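A.B. asks: Structure here, sequence nowhere to be found:
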């Protein structure tokens, strides 16, 4: 079943990152749509930038500055990237996807009947983890 979770997560990430949908094409509440629903849009070339002002303690600001410097980024770039990644994680954790009855049944069958582990998976599971060596 773990392979299915990874596949669903990968699909969600691909939907968010590579297939933005326009605001007009979102399904109305209560309707079932067999197509994927994206939760984020890629900004267009004409989108304007806004600002966010934060009040933080000096030691927190220094911590952020130190981490940004290690990565060769500005404080703003570091904070925006960190917040963006966290936002994607939150949205993926709360993701709702709607399936028609046929796809739902197939999804449930896949969850209830995972494929048997192959030789590569068996080999991997027999190996001792690096942190236990």
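C.D. replies: That came through fine. A quick note: this is a predicted structure, and the numbers were derived from the prediction, not measured. Numbers count the residues shown, from 1 in each chain.
A.B. asks: switch to C-alpha atoms for all contacts and neighbour counts from now on
C.D. replies: Will do.
A.B. asks: Sketch out the low-pLDDT regions of the protein for me.
C.D. replies: Scanning the chain with the threshold set as pLDDT under 70 gives 1-46.
A.B. asks: what are the ranges of the helices in it?
C.D. replies: For the chain, the helices defined by DSSP state H occupy 2-18, 58-71, 75-93, 101-112, 119-126.
A.B. asks: Tell me which of those approaches residue 48 most closely.
C.D. replies: Residue 48 lies closest, by C-alpha to C-alpha, to one member of the helices of the chain: helix 75-93, at 15.3 Å.
A.B. asks: okay if I get the helices of the chain as CSV plus mean neighbour count?
C.D. replies: Compiled in CSV, the helices of the chain are given as follows (neighbours: other C-alpha atoms under 10 Å):
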stretch, mean neighbour count
helix 2-18, 14
helix 58-71, 13
helix 75-93, 13
helix 101-112, 12
helix 119-126, 10
